[in-house]
Structure formats: structure tokens, C-alpha cells
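Chemist: any chance you can model this:
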Amino acid sequence: MSVRRTLSVVGAVLAGTVTASAADVPPADPRTVRALLVEIGALPPSAPDAAVKPALRRFQAGAGLAVDGVAGPQTCHALVRYAREARELHGLGLAA
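Modeler: Got it, this is the predicted structure:
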């Protein structure tokens, strides 16, 4: 995922959490959610679309979030944070 795309997701999430209620925030782009799950190793790149929601639920449970299978603002924020940390570890040679 490109830095520009990641920043776009983060900006959208932050704008939604600051200016709107949870009901007003549109759902995250499914392709972006899938790419983030793949990037953090929570979903194999070749997994079918049906595997995304269970992977998202597992991520939410592991991150201590509400487990609803929906990529809302808190889940998106956590996904972006985990992906950033994974990139940093990989850049330092500390991740596989």
C-alpha cells in the first residue's frame, strides 16, 4: 500500500472521528481493508473475498476492539497503525 493511500485512509478515519458520529462515517474501502490485512499478515494474499470478514473479526479480537466484522473508524485506525509498525519492523530487518 502506498504512503499516499495510507495517509488518505488515516485522514478519512480521523476526519470521521472528529467531525461525525459513528453512524455518519462511511464504511472503509473493502480493497484497502483487504490490503491492510494482507500487509499485517492477517490474511493470505490469495484468500477469497469471503475470508476477509473472518480475518477482520480475528484482527478486532486480537486488537481488543469490538468484534463486529465492520471496518469502522477504530478498526481502520488500528489496521493502519499495525501496518505502519509492520513496515517499520520489516525496514529494520526485524520482521519476516
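Chemist: got any ranges where the chain has weak pLDDT?
Modeler: Residues of the chain that meet the criterion pLDDT under 70 lie in 1-27, 95-96.
Chemist: how about 50 then?
Modeler: Within the chain, the ranges that satisfy pLDDT under 50 run 19-20.
Chemist: could you report the neighbour count for the residue lying closest to L37 once chain neighbours are set aside?
Modeler: Once flanking residues are discounted, L37 sits nearest to L43: 3.9 Å by C-beta to C-beta, 6 or more residues apart in numbering. C-beta coordinates here come from the backbone N, C-alpha and C atoms, glycine included. L43: 21 surrounding residues under other C-beta atoms under 10 Å.
Chemist: spell out the secondary structure type for L43.
Modeler: Look at L43: counting by DSSP: H, G, I helix; E, B strand; the rest coil, its state is coil.
Chemist: any idea how far L92 is from it?
Modeler: According to C-beta to C-beta, to the nearest Å, L43 stands 23 Å off from L92.
Chemist: contact partners for the residue nearest to L37?
Modeler: R34, L37, A51, V52, A55 (C-beta atoms under 8 Å, 6 or more residues apart in numbering).
Chemist: most neighbours, which of these?
Modeler: L37 (24 neighbours).
Chemist: which residues sit against the helix or strand that one falls within?
Modeler: Using DSSP states H and E, L37 sits within helix 30-39. Contacting residues not belonging to helix 30-39 are listed as 1, 5, 9, 43-45, 49, 52, 55-56, 59, 71, 76, 79-80, 82-83, 86-87 [C-beta under 8 Å, 6+ apart].
Chemist: please apply the same query to stretch 53-64.
Modeler: 33, 37, 40, 42-43, 47, 65-71, 75, 78-79, 82.
Chemist: in it, which residues are buried?
Modeler: Within stretch 53-64, the residues that count as buried by 16 or more other C-beta atoms under 10 Å are A55, L56, F59, Q60.
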